[in-house]
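A.B. asks: here's a sequence, model it:
(2 chains)
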Amino acid sequence: MEQPNSLLLEMQNGSEKAFSKIYSLYSEAILGVIYTIVQDQDVAEEVLQDVFVKVWNNSKSYNIEKGRFFTWVLNIARNASIDSVRSKAYKNSKKNLSTSNFVDILSGSDTLNQKTNAIGIKKFVDALKPACVKIIDLLFFKGYTQVDAAEALKIPLGTLKTRNRNCIQDLRIKVLG
Amino acid sequence: MTAEEIIASGKLELYITGSLPSEEISEIEDAIATYPEVREEVETIEAALINLAESVAPPLPAMVWTYVLNSIKKIRNIDGTASNKTNWAAMSGWAAAILCFAGIFWMLKQNNDLNKSIQITNIQNTQLKEKVNLTEGELTKQNNLLSVIRSKDFNTITLPGNQAVAPDAYAKVYYNKAENIAYIDANGLPTPPSGKVYQVWSLTLDPLTPTSMGLLEAVTDADKGVHKFENIPTPEAFGITLEPAGGSTTPTLSQLYTLGMVTAAP
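C.D. replies: Got it, this is the predicted structure:
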């Protein structure tokens, strides 16, 4: 996806209209990431709301020439989700930081959005190699650094890079055609 | 590194998920800026990941965007000029209310003042009407008197002062023989001392017979010292004497102020 740089610039200059378009481009993916961490629909919506308020308030600290906007929002979303999981309010709701990953969510949930069913991604992701599921879960959804992920999976850094690339390659072919 | 090497290295995937150490990021950014195929590869990887993330997202209620919008507007109101704006609105509202009240009070006061001045004007009108009535009455009297003086039916007789008693005194008589009416103008007589009064006499000369016509009193006053007498006996002369209050039956000749003969009838 080509990054909508002109919209981003307008948003940085205070355009609510541009911000609204940015929201519709990224909010669903960000919600997916948040949901895999907090594992609660209401909490995920609250976190998403906080994330986009932060995006608006700190939009000027994002630099178009330094990194992808999606990566920038992804970082904010993962940090906010982890904060939320650790917060007392969340502990009171008797849920612990779950070890389940995005595939568990896909196979365990029946409230998924219609788009997922239409694309048929559920079937495919279910068939992803278990190694791919783990590596994508840690690097993309949980925000591990490459070093931390290599350690957690007990594989060399070079292997991690190659395997991650191959897994995403598989995903691309299936998802984007 | 060539574009192919960078694409094959697996670093682009890590760059997008934010897993790359900061020292390797600048290398990727240089490559993105240099090679269009690297930028395209980054966009494709990002699109795949976005699709994956979207597929695990629960349904997204539209209310979330409403909350976001409300939050960013609230923040703007706290530090922005919007709060001042609401103050202005409230202040102008109060100002309008105060002006309104002041206006009402001012108009009530005006109304009161106008009512008062109407009352005053009414009183003045009444006074003026009375004055007009009075003046009209006087005018009628004077017109009557004037018509008497001008009339050919009235004979004018001047009664000169008695040299012995009051040399400067005089009186004028307007006498209508046909109707037996006489008007006596006592303007030329001095003011009578207290307890005294002037009495008018009708005289016949042969023999000398005085008959009282009446007193120069307020009762007989027609207008401004002109006294009217009616049904008088036919006189040959008129005389005026000073008498004690209430008058006398016969004239006190020592106090005869004026005396005049009736000349030829008109």
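
A.B. asks: going by C-alpha atoms from here, please, whenever you check contacts or count neighbours.
C.D. replies: OK.

A.B. asks: biggest helix in chain A by residues?
C.D. replies: Across chain A, the longest stretch assigned as helix under DSSP state H is helix A:16-38.

A.B. asks: how about that helix: buried residues?
C.D. replies: Residues of helix A:16-38 classed as buried by neighbour count (16 or more other C-alpha atoms under 10 Å in any protein chain shown): A:16, A:18-19, A:22-23, A:26-38.

A.B. asks: cool, and stretch A:165-172?
C.D. replies: So, applying 16+ other C-alpha under 10 Å, buried residues of stretch A:165-172: A:Arg165, A:Cys167, A:Ile168, A:Gln169, A:Asp170, A:Leu171, A:Arg172.

A.B. asks: with stretch A:2-15 instead?
C.D. replies: Of all the residues in stretch A:2-15, those buried under the rule 16+ other C-alpha under 10 Å are A:Leu7, A:Leu8, A:Leu9, A:Met11, A:Gln12.

A.B. asks: now stretch B:133-145
C.D. replies: Within stretch B:133-145, the residues scored as buried using 16+ other C-alpha under 10 Å are B:Leu145.

A.B. asks: just give me the residue right at the centre of chain A.
C.D. replies: Chain A has A:Val33 as the residue nearest its centroid, 3.0 Å off, counting by C-alpha atoms, centre = their mean.

A.B. asks: how about B:Gly214, secondary structure?
C.D. replies: Three-state call for B:Gly214 (DSSP: H, G, I helix; E, B strand; the rest coil): strand.

A.B. asks: enumerate every residue touching it.
C.D. replies: The contact partners of B:Gly214, by C-alpha atoms under 8 Å, 6 or more residues apart in numbering or on different chains, come to B:Gln199, B:Val200, B:Trp201, B:Phe229.

A.B. asks: cool, and A:Ile168?
C.D. replies: For A:Ile168, the contacting residues are A:Ile136, B:Glu13, B:Ile45, B:Ala48, B:Leu49, by C-alpha under 8 Å, 6+ apart.

A.B. asks: nearest to A:Gln49 among those?
C.D. replies: Comparing the contacts of A:Ile168 against A:Gln49 with C-alpha to C-alpha places B:Leu49 closest, at 21.1 Å.

A.B. asks: name the helices or strands packed onto the helix or strand harbouring B:Ala47?
C.D. replies: According to DSSP states H and E, B:Ala47 maps onto helix B:36-55. For helix B:36-55, the elements it packs on are helix A:16-38, helix A:114-119, helix A:121-126, helix A:157-176, helix B:3-8, helix B:11-17, helix B:22-34, judged by 3 or more C-alpha pairs under 8 Å, 6 or more residues apart in numbering or on different chains; DSSP states H and E.

A.B. asks: recalculate using a threshold of 6 Å.
C.D. replies: Under the contact criterion of 3 or more C-alpha pairs under 6 Å, 6 or more residues apart in numbering or on different chains; DSSP states H and E, helix B:36-55 touches helix A:16-38.

A.B. asks: mind exporting the helix it packs on as CSV, just the C-alpha atoms?
C.D. replies: Extracted C-alpha coordinates of helix A:16-38, given in CSV (Å, rounded to 0.1, in the frame of the first residue of the first chain):
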residue,chain,number,x,y,z
GLU,A,16,-9.7,16.7,11.0
LYS,A,17,-10.9,15.6,7.6
ALA,A,18,-7.5,14.2,6.7
PHE,A,19,-7.3,12.6,10.1
SER,A,20,-10.7,10.9,9.5
LYS,A,21,-9.4,9.4,6.2
ILE,A,22,-6.2,8.2,7.9
TYR,A,23,-8.4,6.6,10.6
SER,A,24,-10.4,4.7,8.1
LEU,A,25,-7.3,3.5,6.3
TYR,A,26,-5.5,2.1,9.4
SER,A,27,-8.0,1.7,12.3
GLU,A,28,-9.1,-1.8,11.5
ALA,A,29,-5.5,-3.3,11.2
ILE,A,30,-4.5,-1.5,14.4
LEU,A,31,-7.6,-2.8,16.2
GLY,A,32,-6.5,-6.3,15.0
VAL,A,33,-3.1,-5.9,16.6
ILE,A,34,-4.6,-4.4,19.8
TYR,A,35,-7.1,-7.3,20.0
THR,A,36,-4.4,-10.0,19.8
ILE,A,37,-2.8,-8.4,22.8
VAL,A,38,-5.7,-7.4,25.1
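
A.B. asks: B:Gly260 in helix, strand or coil?
C.D. replies: Assigned state for B:Gly260: strand (three-state reduction, three-state DSSP).

A.B. asks: pull the number of nearby residues for the closest residue to it other than its chain neighbours.
C.D. replies: Residue nearest to B:Gly260 in three dimensions, not counting chain neighbours: B:Leu159, with 4.3 Å by C-alpha to C-alpha, 6 or more residues apart in numbering or on different chains. Residues within reach of B:Leu159, counting by other C-alpha atoms under 10 Å in any protein chain shown, total 24.

A.B. asks: surely B:Leu159 forms part of a helix?
C.D. replies: No: under three-state DSSP, B:Leu159 sits outside any helix and is assigned strand.

A.B. asks: for it, list each beta-bridge partner.
C.D. replies: Each beta-bridge partner of B:Leu159 is listed here, defined by DSSP bridges: B:Ala171.

A.B. asks: circling back: just the buried positions in the helix holding B:Ala47, please.
C.D. replies: Neighbour counts over helix B:36-55 (16+ other C-alpha under 10 Å) mark B:38-39, B:41-55 as buried.

A.B. asks: what of stretch B:247-259?
C.D. replies: For stretch B:247-259, a neighbour-count test (16+ other C-alpha under 10 Å) marks B:Gly247, B:Ser248, B:Pro251, B:Gln255, B:Leu256, B:Tyr257, B:Thr258, B:Leu259 as buried.
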